[in-house]
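A.B. asks: mind looking at a prediction? Sequence and model below.
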Amino acid sequence: MFLGHLGVDKTLNIPERAQPKHAQRELEAESVAYLVCSRNGVESKSQTYLTEFVDKNTDIAALDLYQVVRAAGQIETLLGLTSHTRYEPSGKTRSKGTA
């Protein structure tokens, strides 16, 4: 859904996209699963599946990496898994005149 494979959803800010072929939808969805799992310490078989899938089925040139990363972020936000990606200032203050 967050990849736009099911169409536009203005409430969730899901963009309109040309409907990709099945192979591209599968690759994008599994890539999102891999990112969410790996960034949150969950071991999955996505990496093996993705490697085999690309080798057999598709050209990755059509893959929309922006939408993949965006969808992964939206899923992590929805599940409350974003604390590891938050920027925490070191507490140091900059002196005047420095950038």
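C.D. replies: Received the coordinates, thanks. Numbering: from 1, shown residues only.

A.B. asks: which residues touch the lowest-mean-pLDDT helix or strand in the chain?
C.D. replies: Every helix and strand in the chain was compared by mean pLDDT, DSSP states H and E; the lowest is helix 46-57, with a mean of 76. Contacting residues not belonging to helix 46-57 are listed as 23, 26-27, 30-31, 33-34, 37-38, 60 [CB atoms under 8 Å, 6 or more residues apart in numbering]. (C-beta placed from N, C-alpha, C; glycine too.)

A.B. asks: next structured bit after it?
C.D. replies: Using DSSP states H and E, the next helix or strand after helix 46-57 towards the C-terminus is helix 65-78.

A.B. asks: helices and strands around that following helix, which ones?
C.D. replies: On a contact count with 3 or more CB pairs under 8 Å, 6 or more residues apart in numbering; DSSP states H and E, helix 65-78 meets helix 22-39.

A.B. asks: could you give the angle of the helix it packs on to helix 65-78?
C.D. replies: 50 degrees (axes from the mean of the first three to the mean of the last three CA atoms, to 10 degrees).

A.B. asks: which of the contacts of helix 46-57 count as buried?
C.D. replies: 23, 26-27, 30-31, 33-34, 37 (16 or more other CB atoms under 10 Å).

A.B. asks: which of the contacts of helix 46-57 sits closest to H5?
C.D. replies: Nearest to H5 among those is E26, at 9.7 Å by CB to CB.

A.B. asks: look up how far R70 lies from the nearest residue to the closest one once chain neighbours are set aside.
C.D. replies: The shortest distance from E26 to any non-neighbouring residue, by CB to CB, 6 or more residues apart in numbering, is to F53 (6.7 Å). According to CB to CB, to the nearest Å, F53 and R70 sit 21 Å apart.
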